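>>> return a 3D structure for these sequence lines:
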Amino acid sequence: MPQIGPNTLERDVAAEVADLAARHGVSYRRTDFDDLAHHISRLSDAEVEPDETENLLIALVRAKIVDEAERARLHGAYLRQLGYR
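Model (predicted):
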């Protein structure tokens with residue numbers, strides 16, 4: 001399974017994720033499950049709307065380009081770059 005290198009934390013994670021998706025011809029397509037998750041979060045007053053990078057991470061996992069551990073690492077790095085701790 002291809003991974004983005006360890007230097008990703010020093011670079012723009014969103015750009016790295018977009019490049020990885022483009023190299024593999026992967027794009028995000030909303031599914032019925034995504035709609036269900038959206039409605040569950042909305043009804044629980046915890047509305048969460050993934051952005052483009054987060055949607056690409058979902059698509060990369062669905063396409064088996066990255067595994068869940070790599071997705072979690074990349075998502076964590078992305079959130080840290082956005083200023084979330």
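
>>> quick check: which ranges of the protein have low pLDDT?
Under the criterion pLDDT under 70, the flagged ranges of the chain are 1-10.

>>> how does it look with 80?
Confidence mapping of the chain against pLDDT under 80 gives the ranges 1-11, 46-48, 85.

>>> excluding its backbone neighbours, what's nearest the residue minimising distance to the centre of the chain?
What sits nearest the mean C-alpha location of the chain, by CA atoms, centre = their mean, is residue 57, with 2.5 Å. Leaving aside its sequence neighbours, residue 57 sits nearest to residue 71 (CB to CB, 6 or more residues apart in numbering; 5.2 Å). Bear in mind the C-beta positions are built from the backbone N, C-alpha and C, glycine included.

>>> quick check: which element contains that neighbour?
Element membership for residue 71 (DSSP states H and E) is helix 68-81.

>>> just checking, what packs against that helix?
Helices and strands touching helix 68-81, by 3 or more CB pairs under 8 Å, 6 or more residues apart in numbering; DSSP states H and E, are helix 13-23, helix 52-62.

>>> near residue 27, how many other residues are there?
Other residues lying near residue 27 total 11 when counted by other CB atoms under 10 Å.
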